[in-house]
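Colleague: dropping a prediction and its sequence here:
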Amino acid sequence: MSIPQQIYCTAFQGLRRIATGLLPDVALKSKEAADQGGEPVLLFDDDTSRLIEVDFRGSAGEVLARLTDDTPASASAEVVEIAPPRGPGRPRLGVVAREVTLLPRHWQWLGSQPGGASVALRKLVDEARRTSEGRDRARRAQEATQRFMTAMAGDQPGYEEAGRALFAGDRERFRQMIENWPNDIREHAGKLAGPAFEDV
């Protein structure tokens, strides 16, 4: 597989942030730090705070080669069939056929809608995406922040209360609880949590 150039990440060695940026660049800087010894180096995906496993053995070129060979393009990627266009001049919409299981009354209602079930489902999904966009963004930020805090700040004072403030949407309380954490940990947690408070 090709290396996911679009993935941004941040690396920590112990409580110190050592690099942030695109995965290949961060991996190389992390290798330098790992080669010098000391505490283990952890790489976090900036969107989800999931750990990215990098094998630092060998040369810098070997590290990058392994990333190219082993890193999935996306955690949720899968191979799907794209339906061909229905007629001449029709744009390729990228329509994908999947199974949907509904109760008879749902199918009856969908079938009575203009354009049929597929059109009605697409409209419903688009509307739900529009109306829940802020909540979804806040939820993703909460989950990413919690994941990072658990990995890097689980033993810091105020950790549990910071988590409660995060999910309650209490920005000020969250700031108070992380105020005495190590600088790099506090700054990264605050950055991750930002959208959780903006969209509440």
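Modeller: Looks like it came in fine. Numbering: from 1, shown residues only.
Colleague: nearest residue to Arg57 in space, please, no chain neighbours.
Modeller: Closest residue to Arg57 apart from its sequence neighbours, by CB to CB, 6 or more residues apart in numbering: Val63 at 7.7 Å. (C-beta placed from N, C-alpha, C; glycine too.)
Colleague: and Gly21, that's in a strand?
Modeller: Yes. Counting by DSSP: H, G, I helix; E, B strand; the rest coil, Gly21 is part of a strand.
Colleague: tell me how many other residues surround the closest residue to it other than its chain neighbours.
Modeller: Once flanking residues are discounted, Gly21 sits nearest to Tyr8: 6.5 Å by CB to CB, 6+ apart. Tyr8 is flanked by 14 other residues according to other CB atoms under 10 Å.
Colleague: pLDDT score for Tyr8?
Modeller: Per-residue confidence (pLDDT) for Tyr8: 95.
Colleague: right, and it touches Leu43 too?
Modeller: No. Assessed by CB atoms under 8 Å, Tyr8 is found out of contact with Leu43, at 10.8 Å.
Colleague: mind listing the shared neighbours of these two?
Modeller: Leu23 (CB atoms under 8 Å, 6 or more residues apart in numbering).
Colleague: pLDDT score for Met177?
Modeller: Confidence score, pLDDT, at Met177: 97.
Colleague: next one: it from Glu160, what distance?
Modeller: Relative to Glu160, Met177 is positioned 9 Å away (CB to CB, to the nearest Å).
Colleague: centroid-nearest residue for this structure?
Modeller: Thr48 (2.9 Å; CA atoms, centre = their mean).
Colleague: my understanding was that it contacts Ala144; is that so?
Modeller: Yes. Counting by CB under 8 Å, Thr48 touches Ala144, with 5.3 Å between them.
Colleague: so which residues of the chain form strands?
Modeller: 8-13, 16-22, 41-45, 51-52 (DSSP state E).
Colleague: export the ones you listed to JSON lines and tack on distance to Gly94?
Modeller: Shown next, in JSON lines, are the strands of the chain (distance: least, CB to CB, whole Å):
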{"stretch": "strand 8-13", "distance to Gly94": "25"}
{"stretch": "strand 16-22", "distance to Gly94": "27"}
{"stretch": "strand 41-45", "distance to Gly94": "25"}
{"stretch": "strand 51-52", "distance to Gly94": "28"}
